[in-house]
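Undergrad: fold the following.
(2 chains)
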Amino acid sequence: MTVARWLNPCLLFACLLALFAACLLGSTSLPAERVVAALLGQAEHGEHIVVWSIRLPRALAAFLVGAALGLSGAALQGLLRNPLAEPGVLGVSATASLAATTTLYYGLAAYSAWVLPIAAITGALLATAFLAIAAVRTQSVVTLILIGVGLSSFAGAAMSLILNLAPNPFSLSDMVNWMLGSVANRSFTDIGLVFPFILLGAVILLTTRRGLSALTLGEEAANGIGLNLQRQRIYTVLGAGLATGASVALAGVIGFVGIVAPHLIRPLVGYDPARSLIPSALLSGLILVLADIGVRLIPTSSELKLGVVAALIGAPVFVWIAMQRRAGHE
Amino acid sequence: MSELIASALTRRVRDTTLIENASFKLSQGELVVLLGPNGSGKTSLIQTSLGLSAPTAGRAILDDHDTRYMSPIKRAKTLAYLPQMRPLAWPGYVYDVVALGRFAHGVTLGKLGSEDAAAVERALTDCDLTALARRQVHTLSGGELARMHCARAFVAQTPLLIADEPTAALDPRHQFRIMDLIAAYVRDGGGALVVLHDVQLAARYASRLIWMQRGCIVADGPPDETLDADRLRQIYGVDASVDGKLVTIDGVAG
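TA: The predicted structure is shown next:
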């Protein structure tokens, strides 16, 4: 009980510390007092730019993307009653990314800054809705994951096709950035374009989270105790689709965070999906901010992509969780 | 007084008729046992009368509302439903699972109001679960799990209860324990419809028996009127002798 009470404040504090650290550290690290001065707008011009235009937006983008994915992951796991459900694994991120790259390929993204985020969100919503329908039809957790893998592979293949046909090296490198996932060079304008969607998705998921607790009992029993299944599915799909799509629009595909964080949080909140949402979001945000600091500090000839690092850490954890599942469980 | 009245319910899925023209009534103060062989449509009858699956014809009325169009919350406040037991998705705590029984009353896990908390405590005590309240569900035995699900149904404090095979896979002692709990609920004024496969258990506890065969209700009445050797031969295809509440099944009918 006490753990549960202190969980969110502790995580929030850790997130703020990590964001502050992200402003300190980098190719040239700034002392803490100069960062504070810069944050308060009392520093010299160069440092002001470094903090406000480079490091802070980048760190905030990492946090937002992580929080959106952690929240969506925890909510989808609650809806589908499966610890392996996650936007990345289920192919939601890949579909969103496919939709986004398609707008890049056809040059549609040039018409308005909103085209790309809306395309990514539409892709994510379509994929999530498709999965929710498949989940109702199959009732089998394993089949659902396989459908997600299929969806993911299909979107990946379509992306490869687009890369194959890419008209010039510039659009090619643009698209590769999407597939690998990164928050480098993000500005407050980029964040502002997707933030409303992430916020809307989060509000939908959080206001309907109580139903996820009910789903612990299985769909029939959940309906028996008074849950409107149809409505719960629609809201969770909508919320997760909005948040995931917006995160893909901001940073491309970053997989597995949405599995790792909820898995760590669950034992601390009595395995209640509803209570796992907020801490999972905070922890995912924290993980991505820290991972992005790592990406910036590791001396490699060309910078590592955040999505690559996340997958390198997350994929083994995914396999480990999958192996922990008892055979015969559903 | 709350009542569930199913009239002429029929449900077909493609070419298969799951239930045909089934009518029954469940009122407070009676313990009705639904009997019938596997695949005779007992679960379909329950699901259709609760509005969980759509009837092809007929309808079910719960306190003046058609269950098909009733909001799940409203239905859950009048009738508690225990489907056949399934493993829980997460290894949560017994206390929380029981508290979920009050979902329709607006319970949020971890933040129970005083009325909800009191109802949970009472259900835990009634089902002898107080010592297990802080245990995780996957550490419970089959009998303990069955008791937890009963507590989850009782905690809603509804006038009616429908339980689908609540004694499945339990040893005799635990079967009696679960039926004692349901009988106590009925003595306190509740009305229960219970699916059982054990005819002896049904004979001992039921105030009324509903017999199903191939999707139809073939008999509905008190045990001393509807339970006899001919019925058991017709419904289950077994040779049996019935002496009051004592049922002896001798084997497959020749």
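Undergrad: what about the strands in the stretch 151-254 of chain B?
TA: Applying DSSP state E, counting those that start in this stretch to the stretch 151-254 of chain B gives strands spanning B:160-164, B:191-195, B:208-213, B:216-221, B:238-243, B:246-252.
Undergrad: compare these and give me the one nearest chain A.
TA: Closest of these to chain A is strand B:160-164, at 8.6 Å (criterion: Cβ to the nearest Cβ). All C-beta atoms are positioned from the backbone trio N, CA, C, and that covers glycine.
Undergrad: what about that closest one and chain A, touching?
TA: No - Strand B:160-164 lies out of reach of chain A by Cβ under 8 Å from any Cβ of the partner chain, never closer than 8.6 Å.
Undergrad: could I get the strands of the stretch 151-254 of chain B as JSON lines with mean neighbour count and mean pLDDT?
TA: Shown next, in JSON lines, are the strands of the stretch 151-254 of chain B (neighbours: other Cβ atoms under 10 Å in any protein chain shown; pLDDT from 0 to 100):
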{"stretch": "strand B:160-164", "mean neighbour count": "23", "mean pLDDT": "96"}
{"stretch": "strand B:191-195", "mean neighbour count": "26", "mean pLDDT": "97"}
{"stretch": "strand B:208-213", "mean neighbour count": "22", "mean pLDDT": "96"}
{"stretch": "strand B:216-221", "mean neighbour count": "17", "mean pLDDT": "95"}
{"stretch": "strand B:238-243", "mean neighbour count": "15", "mean pLDDT": "90"}
{"stretch": "strand B:246-252", "mean neighbour count": "12", "mean pLDDT": "88"}
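Undergrad: can I get those strands in CSV with distance to residue B:55?
TA: Output for the strands of the stretch 151-254 of chain B, formatted as CSV (distance: least, Cβ to Cβ, whole Å):
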stretch, distance to residue B:55
strand B:160-164, 16
strand B:191-195, 17
strand B:208-213, 16
strand B:216-221, 14
strand B:238-243, 31
strand B:246-252, 33
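Undergrad: who in the stretch 101-250 of chain A is up against chain B?
TA: Listed as neighbours of chain B in the stretch 101-250 of chain A under the rule Cβ under 8 Å from any Cβ: A:210, A:213-218, A:220-229.
Undergrad: give me that answer again for 6 Å
TA: Proximity of the stretch 101-250 of chain A to chain B, by Cβ under 6 Å from any Cβ of the partner chain, involves residues A:210, A:213-214, A:216, A:218, A:220-221, A:223-228.
Undergrad: report the buried residues of stretch A:305-318.
TA: The neighbour-count check on stretch A:305-318 (16 or more other Cβ atoms under 10 Å in any protein chain shown) flags A:305, A:306, A:307, A:308, A:309, A:310, A:311, A:314, A:315, A:318 as buried.
Undergrad: looking at the residues you listed, which is nearest chain B?
TA: Out of the buried residues of stretch A:305-318, the member with the shortest distance to chain B (by Cβ to the nearest Cβ) is residue A:318, at 18.0 Å.
Undergrad: can you tell if the helix or strand hosting that closest one touches chain B?
TA: Taking DSSP states H and E as the criterion, residue A:318 maps to helix A:306-324. No - judged by Cβ under 6 Å from any Cβ, helix A:306-324 stays clear of chain B, getting no closer than 11.6 Å.
Undergrad: so which elements touch that helix?
TA: helix A:257-265, helix A:273-297 (3 or more Cβ pairs under 6 Å, 6 or more residues apart in numbering or on different chains; DSSP states H and E).
Undergrad: for these, which one sits closest to chain B?
TA: Comparison of those against chain B by Cβ to the nearest Cβ identifies helix A:273-297 as nearest, at 5.7 Å.
Undergrad: my read: residue A:151 touches residue A:91, true?
TA: Yes - between residue A:151 and residue A:91 there is a contact at 3.2 Å, judged by Cβ atoms under 6 Å.
Undergrad: neighbour count: the two, which is higher?
TA: Neighbour totals were compared for residue A:151 and residue A:91, and residue A:91 leads with 24 against 21 (other Cβ atoms under 10 Å in any protein chain shown).
Undergrad: relative to residue A:75, how far out is the more buried one?
TA: Using Cβ to Cβ, to the nearest Å, residue A:91 is found at 17 Å from residue A:75.
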